[in-house]
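[1] Provide a 3D model corresponding to the input given below.
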Amino acid sequence: MEIDDLIVRKQNELLLVQRELDALQLARNLMKHAKTEEEAAKGATPSQPVLMAEVLRAKNRPMTHKELARALGKKLGRKVKPESVSSVIYRNIKLGKLFRKVADKANTFALIEWPLTSNEQERVAESNGRRQVGAGA
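    Below is the predicted model:
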């Protein structure tokens, strides 16, 4: 049974490496093909997160990773994988930069600078209420 476990573990590692490779390829292509007007004037290429934030700002609403990939693909004139978008956004969420996950919506992201939705505000209030009750115990 050990060989089967090893095979499964290696397959999982391969999947992780493939995701990382996809994200790196997206980064390379974004750097090659996409320059905003402002950054083009400066001669700098915008980062992946900056391009994704620009798409969110243009739509002015939270978007799923698939919606973001389609919109970014249109902006760049090529196909962008939703998994690559998720990878970049989650990396920035962990760093506390640019993006946040929208509560109760699978794979949906907003800019961290945007206010919380009413559902998110309710969840925070409920969470705070539970903490206060638990803290007194």
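[2] just the strands in this protein please.
    63-64, 99-101, 108-111 (DSSP state E).
[3] quick check: neighbours of the second one in the sheet, parallel or antiparallel?
    When you say that, I think you mean strand 99-101. Sheet pairing of strand 99-101 (DSSP bridges) gives strand 108-111 (antiparallel).
[4] for N29, what are its contacts?
    Going by CB atoms under 8 Å, 6 or more residues apart in numbering, N29 touches L76, R78. The C-beta positions use only the backbone N, C-alpha and C, and glycine is treated the same way.
[5] the same query, at a cut-off of 7 Å, please.
    N29 makes contact with R78 under the criterion CB atoms under 7 Å, 6 or more residues apart in numbering.
[6] roughly how far does R78 sit from R28?
    Taking CB to CB, to the nearest Å as the criterion, R78 is separated from R28 by 12 Å.
[7] between those two, which has more neighbouring residues?
    Neighbour totals were compared for R78 and R28, and R78 leads with 13 against 10 (other CB atoms under 10 Å).
[8] so how far is A27 from the more buried one?
    When distance is defined by CB to CB, R78 is 14 Å away from A27.
[9] please apply the same query to R70.
    Where A27 is concerned, R70 sits at a distance of 19 Å (CB to CB).
[10] fine by me, we can end here.
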